[in-house]
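In: coordinates only, sequence not included:
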């Protein structure tokens, strides 16, 4: 073997060694399994497995942690459903409402974790007729004018022109 070359890179089982390393096998396990020294394996992992793969390993760890949290939340939701059913069976409405509240909070937290709800962001759609929109715009502009801000366009004129 040439000076400076990597014994693992030259090994015909390199792909298998890299795969085992990427999937979480320890350096000690790899050294034993592939009959290499721990230092040789460690050097290969540190210097020759691409940085992108190392970064992906961190992401996989984050995903695993997220999955564990979501699994625990699912258990809590199931427990809340069970307690709600038991409370309703006993006609204990306070306990049933409390279980529903816990269930709602677990669902909301799950939605936040998976990105379906963003903090401090509220989105809603409202459909109103043109006349109501014009009145709202006039009121808005009138309030802005009293604050010393001059409107650029009078909205009622724009709406009136669209109707013609």
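Out: Perfect, I can see it now. Note that the structure is predicted; figures quoted are calculated from it, not measured. Residues are numbered from 1 along each chain as shown.
In: Which SSE is immediately downstream of the helix or strand containing residue 9?
Out: Per DSSP states H and E: residue 9 is located in helix 7-10. Sequence order places helix 14-22 as the next helix or strand after helix 7-10, per DSSP H and E.
In: which helices and strands does that following helix pack with?
Out: Applying 3 or more Cβ pairs under 8 Å, 6 or more residues apart in numbering; DSSP states H and E, one finds that helix 14-22 contacts helix 27-33, helix 38-48, helix 51-89. In short, each C-beta sits where N, CA and C put it, glycine included.
In: List the contacts of the helix holding residue 9.
Out: 1, 14, 17, 34, 36, 40, 41, 44, 48 (Cβ atoms under 8 Å, 6 or more residues apart in numbering).
In: Just the buried residues out of these, in PyMOL syntax.
Out: The buried residues among these can be selected in PyMOL (16 or more other Cβ atoms under 10 Å) with this line:
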select buried, resi 14+17+34+36+40+41+44
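In: now the contacts of helix 7-10 as a markdown table including pLDDT?
Out: Listed next are these as a markdown table, based on pLDDT from 0 to 100:
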| residue | pLDDT |
| --- | --- |
| 1 | 50 |
| 14 | 86 |
| 17 | 85 |
| 34 | 90 |
| 36 | 91 |
| 40 | 90 |
| 41 | 87 |
| 44 | 84 |
| 48 | 79 |
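In: ok, of the helices and strands packed on helix 14-22, where does mean pLDDT dip lowest?
Out: Note on those: lowest mean pLDDT is at helix 51-89, with a mean of 75.
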